[in-house]
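1. sequence and predicted structure, then a few things I'm wondering about:
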Amino acid sequence: KQEVTQIPAALSVPEGENLVLNCSFTDSAIYNLQWFRQDPGKGLTSLLLIQSSQREQTSGRLNASLDKSSGRSTLYIAASQPGDSATYLCAVNNYGQNFVFGPGTRLSVLP
Amino acid sequence: DGGITQSPKYLFRKEGQNVTLSCEQNLNHDAMYWYRQDPGQGLRLIYYSQIVNDFQKGDIAEGYSVSREKKESFPLTVTSAQKNPTAFYLCASSPRDLVSNQPQHFGDGTRLSIL
């Protein structure tokens, strides 16, 4: 059964720092992997989707990488801002079975 | 603006009562999903539907029921058989079924509590 973990569970950094969030999954036979942002009491907003054949995707200050063989993905946030404070979740698509979500990393960027 | 609308934002359930959560989308998406989110945990799939009048159970379907009579609507009923319904419920949609490289879009959720 696919399991997704995220480390760290919470992270607090000063404004301007570059940071990395980690996502690990146990079954490498995935179709794609998505990173989401969730603000308190809100739904999820899709940030980046990496197909299984891709190694990375970039959007603005965000860069997500995927290493299927090792079951890992990272989300890199450059020059963090207080507006980046949120919970970040990763989810893997198990070849049409379902999406399996990690528990998330709660990020606080301090001004 | 296109999007997913969930209502109500907050819902309270009495003992033995069934309650229904609404999810409407105007994105013309084929697939719709219901997830449950508990504090400190990832989302867990309750039910999903890839087409009108068809739906499949997810990982935690017991105590829940759904219908898909219209493409735009995918209501979730939390029945009295669900003994621990307190959670944040999220509805999502995507243009195609699960074997797709299209991202999921989410509503803003409904928070359900027991009175």
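-> Perfect, I can see it now. Numbering: from 1, shown residues only, chains lettered A, B, ... in the order given.
2. could you count how many residues lie near residue B:13?
-> A total of 17 residues lie near residue B:13 under the criterion other C-beta atoms under 10 Å in any protein chain shown. Placement of C-beta: from N, CA and C, glycine included.
3. now it. Nearest residue, chain neighbours left out?
-> Spatially, and ignoring its direct neighbours in sequence, residue B:13 is nearest to residue B:19 (4.9 Å; C-beta to C-beta, 6 or more residues apart in numbering or on different chains).
4. go ahead and confirm that neighbour touches residue B:110.
-> No. Applying C-beta atoms under 8 Å, one finds residue B:19 not in contact with residue B:110, separated by 9.5 Å.
5. more neighbours, those two?
-> Counted by other C-beta under 10 Å, residue B:19 and residue B:110 do not tie: residue B:110 has more neighbours, with 22 against 18.
6. list the contacts for that one?
-> Counting by C-beta atoms under 8 Å, 6 or more residues apart in numbering or on different chains, residue B:110 touches B:6-11, B:21, B:88-89.
7. circling back: hey, what's the residue nearest to residue B:13 bridged with?
-> Note on residue B:19: beta-bridge partners by DSSP bridges are residue B:78.
8. residues of chain A that sit close to chain B?
-> A:4, A:9, A:31-32, A:34, A:36, A:41-46, A:49, A:51, A:89, A:91, A:93, A:95-104 (C-beta under 8 Å from any C-beta of the partner chain).
9. show me what the worst-scoring helix or strand of chain A on mean pLDDT is packed up against.
-> Every helix and strand of chain A was ranked by mean pLDDT, DSSP states H and E. The lowest is strand A:99-101, at a mean of 89. Helices and strands touching strand A:99-101, by 3 or more C-beta pairs under 8 Å, 6 or more residues apart in numbering or on different chains; DSSP states H and E, are strand A:86-93, strand B:43-51.
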